[in-house]
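Peer 1: Task: produce atomic coordinates for the following.
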Amino acid sequence: MRLFTAIITTAVEETALVLAWRWVLPYLGIMIPLPVLITVMLGWAGFAVLTYVLGTRALKKKELAGLPSMNGCIARVIEPLKPQGMVKIGSELWGAESLEGDVNEGENVTVENQEGLKLFVRRCVKR
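Peer 2: Numbering: from 1, shown residues only. Have a look, this model is predicted:
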């Protein structure tokens, strides 16, 4: 459906360019050669394709962090968990509570659960 909409809107925009070139600009005393119009139309179509491709990629991109995907994530302790403190996942800071007592700054923990904006974490198992 997105592709169909993109094609239709681009066709409408291109038609508007032709109509403006054919009737509006001459009425205002502005004459633009046909090769310039074709260049502008190709540039506009190229821009439409680029925005469609980049927009589609952005919509398909997997969420890096956020509440729905936090369980199982590895976080680094930024502020010691005694038992509450702060952890960092990617570039985001989260309030966390340790399920296993105190955890020192710099250690890695695994997110086990969440409640609102608070994460409940355990030390990562060393392998």
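Peer 1: who touches the helix or strand harbouring Ala6?
Peer 2: Element membership of Ala6 [criterion: DSSP states H and E] is helix 2-19. Here helix 2-19 makes contact (C-beta atoms under 8 Å, 6 or more residues apart in numbering) with 37, 40-41, 44-45, 48, 52, 56. Every C-beta, even on glycine, is put in place using the N, C-alpha and C of the backbone.
Peer 1: same thing but at 7 Å, please
Peer 2: Contacts of helix 2-19 with the rest of the structure, by C-beta atoms under 7 Å, 6 or more residues apart in numbering, involve 40-41, 44-45, 48, 52.
Peer 1: Check the residue most central in space within the chain and give its pLDDT.
Peer 2: Centroid-nearest residue in the chain: Ala58, 5.0 Å away (criterion: C-alpha atoms, centre = their mean). On pLDDT, Ala58 comes in at 89.
Peer 1: Now do the buried residues in the helix or strand hosting it.
Peer 2: In the assignment (DSSP H and E), Ala58 maps to helix 34-60. Buried residues in helix 34-60, counted by 16 or more other C-beta atoms under 10 Å: 37, 48, 52.
Peer 1: Could you do stretch 13-21 as well?
Peer 2: Buried residues in stretch 13-21, defined by neighbour count with 16+ other C-beta under 10 Å: 14, 20-21.
Peer 1: one step back: kindly export the helix holding Ala6 (C-alpha atoms) in CSV.
Peer 2: The C-alpha trace of helix 2-19 is given here as CSV (Å, rounded to 0.1, in the frame of the first residue of the first chain):
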residue,chain,number,x,y,z
ARG,A,2,2.9,2.4,0.8
LEU,A,3,4.4,1.8,-2.6
PHE,A,4,1.1,2.4,-4.4
THR,A,5,0.6,5.7,-2.5
ALA,A,6,4.2,6.8,-3.2
ILE,A,7,3.7,6.2,-7.0
ILE,A,8,0.4,8.0,-7.1
THR,A,9,1.6,11.0,-5.1
THR,A,10,4.8,11.3,-7.3
ALA,A,11,2.7,11.1,-10.4
VAL,A,12,0.4,13.9,-9.1
GLU,A,13,3.4,16.0,-8.2
GLU,A,14,5.0,15.5,-11.7
THR,A,15,1.6,16.4,-13.3
ALA,A,16,1.5,19.6,-11.2
LEU,A,17,5.0,20.5,-12.5
VAL,A,18,4.0,20.0,-16.1
LEU,A,19,0.8,22.1,-15.6
